[in-house]
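Asks: Sequence plus the predicted model coming up.
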Amino acid sequence: MERPSRRNVLVTGGTLGVAGALGAATPAQASALWTWSPQGSIAGAGPGADPRGVWDPEADELVADLIDSGHVDFVNMQLRQWTKNGQFLPLLLPRELRTFIEKAREMPSWADEDKLETAVDFNEKRGLYLGVTYGFASGMMSTVIPKEARAVYYSKGGADMRDRITKTAKLGYDIGTSNAYKDRGEMIVTCVKTRLAHAGVRHLLPQSPYWSKVADEKIPISQADMMVTWHSLPTTVMQNLRKWKVPIPAGESEAFLHSWQLCAHMLGIKDEYIPNSWAEADSQAAQVLTPILAPTPEGVKLADMLLNLATIVPGGPLKYVTKPILGALTRYVLGDEIAEWLKIPREPFWDEVFAVAWEPFIAVREGLLSLEDAPGALQKAYWAFDEILRLAALLVLSGGDLPISIEIPHTNNPHY
C-alpha cells in the first residue's frame, strides 16, 4: 500500500475534525453565566462581555449586503483567484470587501515567528496522531455540540457532506504546513474565507423555518459558539495526547497552541476570548464546551454520515478500517455516553481492544515500551492500529490534492 503523504494525513484529520469549523455550538449554555476572565486571554484585558451576545458585525453587515444584492456568485468567482496569504487581491472585488480583507489578513502584533517554526516541527512529528485526534476526538465531538450540529445540518453545507468536509478539511491541513502564516502559505486565506462563510450562514440560517423551529437562538455562530468549536479542536486534541501519554516538550506544546491562537484571531474571534495558555484553555473549555454537549437528531444523522463516509476509500484496501472499528475508536476517544447519544453500536471485541491496547500502542510507537513487553491484546492488534493511523489519510478524501474553494453561501440546505 502506498504510504500516505503528510498532506493527506492532516487533511483527513481536518476532514472529520474541522467539520465543526464552518459550523457554529445548547440549552444548558443559554442559562449558564459567563465567568471566564479576559485576564486569562491573549489580550490580557477586555470588557468581559458575554460572547454569546457578540458576533462579527463588520463581516456580517458586509456579507449580508453581498447576499441581498445578488453579488455573491461574482464575489466567490473572484475570491477563487486568491489562494496565497500574501497574494494581491483580485482587482474586481468590491471596494468594501477588499478593504475588509486587507485588514482581516494582517497578522496581530503578538504573532511569534519562532513559535510558529516550532509548531511546524510538532506537526511533522505528531501528524499521524493529529489525524486521529482531529477526526475522532474533534470531528465526532462536533456532532454532539447542539448548535453546531443544527447549523451544519440546515445550512448549505449539510446538503453535501462530502463537499463540505472536503472544504473544511483545508483548515486542518493548512495550519500544519511549514509556511502556514507566511506569504506563500494558505492558512490566512482559509481563515478569512471561513470568516466570510460564517457571516453568510449568520445571515441566511435565521431565514430557514426548519432551523428556526429547533434553534434556541436568533443568530447562529456567536463568538461563544466559535470558541466552543475552537476548543473541540486544539484543546481536545491536546487533552487526548496527554491522556495517551504522548511525550511532548513544553516548547512544542506552547507552539502548537500559538498556531491555533492565531487561527482563532484570523477567524474573527476577539483576542479577549482567546486563552493565553493551556491551563486557561482547559478552564474555559470546562465552562463552555463540556457542559453543553448533548445529542440532537441532526447530530446523530451527521455522525452516521461521517462514519459512513470514512469507510469509503476509492481503490483503497479496507482490511482493517471498517465502520465498526471506527465506531469503536469513537467510543474509546469520546466515551460511552457520547457513543450512546450517537447510537454507535457496541463492538465487544474492538471496544475491549481499544480500552486495553491503545495506550500501550502509543508507548510502543514512542519507543517507551517494547512490543514484546506489551499486553497480548496489543501484540495481536498492533498492525491494525498502525493501519488505522495510516489509513486515516485515505478515509474520506479521494480528491484531497484538488483545489478546495471555501465560499460564501447564497442559500441554506435546499433539502430543508
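Replies: Yes, it's here.

Asks: pLDDT below threshold where in the protein?
Replies: Applying pLDDT under 70 to the chain flags the ranges 1-32, 161-169, 309-321, 387, 389-403.

Asks: what about the strands in it?
Replies: Secondary structure of the chain (DSSP state E): no strands located.

Asks: Let me know the distance separating the closest residue to Asp56 other than its chain neighbours from Trp383.
Replies: Nearest non-adjacent residue to Asp56, counting by CB to CB, 6 or more residues apart in numbering: Gly268, 4.6 Å away. The way it works is simple: take the backbone N, C-alpha and C, and place the C-beta from them, glycine included. Gly268 sits 44 Å away from Trp383, going by CB to CB, to the nearest Å.

Asks: higher neighbour count, the two?
Replies: Gly268 (22 against 11; other CB atoms under 10 Å).

Asks: From Met226, how far off is the more buried one?
Replies: 8 Å.

Asks: Identify the residues contacting Val192.
Replies: Ile101, Ala104, Arg105, Met266 (CB atoms under 8 Å, 6 or more residues apart in numbering).

Asks: got it, and Cys263?
Replies: Here Cys263 is in contact with Leu171, Ile175, Met187, Cys191, Trp230 (CB under 8 Å, 6+ apart).

Asks: Was I right to think the second one contacts Trp260?
Replies: Yes: in this structure, Ile175 is within contact of Trp260 by CB atoms under 8 Å, at 7.1 Å.

Asks: Tell me which of those two has more neighbours.
Replies: Ile175 (27 against 21).

Asks: contacting residues for the more buried one?
Replies: Asn123, Met187, Ser259, Trp260, Cys263.

Asks: Most widely separated two among those residues?
Replies: Asn123 and Cys263 (12.8 Å; CB to CB).

Asks: List the contacts of Asn276.
Replies: With CB under 8 Å, 6+ apart, Asn276 has these contacts: Gly40, Ser41, Ile42, Gly44, Gln261.

Asks: Quick one: buried ones out of the residues you listed?
Replies: Neighbour counting with 16 or more other CB atoms under 10 Å marks Gly40, Ser41, Ile42, Gln261 as buried within the contacts of Asn276.

Asks: Which residues are in contact with the first one?
Replies: Translated: Gly40. Pro275, Asn276, Ser277, Glu280, Ser283, Gln284.

Asks: okay, those in a markdown table with distance to Leu205 next?
Replies: Shown next, in a markdown table, are those (distance: CB to CB, whole Å):
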| residue | distance to Leu205 |
| --- | --- |
| Pro275 | 27 |
| Asn276 | 32 |
| Ser277 | 34 |
| Glu280 | 31 |
| Ser283 | 30 |
| Gln284 | 25 |
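
Asks: which of those residues tops the neighbour count?
Replies: Result: Pro275 is most packed of these (other CB under 10 Å), 25 neighbours.

Asks: Give me the nearest residue to that residue, chain neighbours excluded.
Replies: Ala281 (4.0 Å).

Asks: Just confirm that neighbour contacts Thr236, I think it does.
Replies: No: taking contacts as CB under 8 Å, Ala281 lies outside contact range of Thr236: 9.9 Å.

Asks: so what sits against both of the two?
Replies: With CB under 8 Å, 6+ apart, Ala281 and Thr236 have no common neighbours.

Asks: Now do the residue nearest to Ser208 when sequence neighbours are not counted against Ala151, distance only.
Replies: Spatial nearest neighbour of Ser208, chain neighbours left out: Asn412 (4.5 Å); criterion: CB to CB, 6+ apart. Separation of Asn412 from Ala151 (CB to CB): 10 Å.

Asks: got any residues that touch both of the two?
Replies: Residues touching both Asn412 and Ala151 (CB under 8 Å, 6+ apart): Leu205, Trp211.

Asks: If you count surrounding residues, which of the two has more?
Replies: Ala151 (29 against 22).

Asks: now the more buried one: how far from Arg202?
Replies: Distance from Ala151 to Arg202, counting by CB to CB: 9 Å.

Asks: Find the residues that touch each one of those two.
Replies: Counting by CB under 8 Å, 6+ apart, the contacts common to Ala151 and Arg202 are Pro220, Ile221.

Asks: quick one: buried residues of stretch 179-191?
Replies: Buried-residue list, stretch 179-191, by 16+ other CB under 10 Å: Ala180, Tyr181, Lys182, Gly185, Glu186, Met187, Ile188, Val189, Thr190, Cys191.

Asks: Quick check: the gap between the closest residue in space to the second one that isn't next to it in sequence and Gln207.
Replies: What it means is Tyr181. The shortest distance from Tyr181 to any residue other than its chain neighbours is 5.5 Å, reached at Met187 (CB to CB, 6+ apart). Per CB to CB, Met187 is found 31 Å from Gln207.
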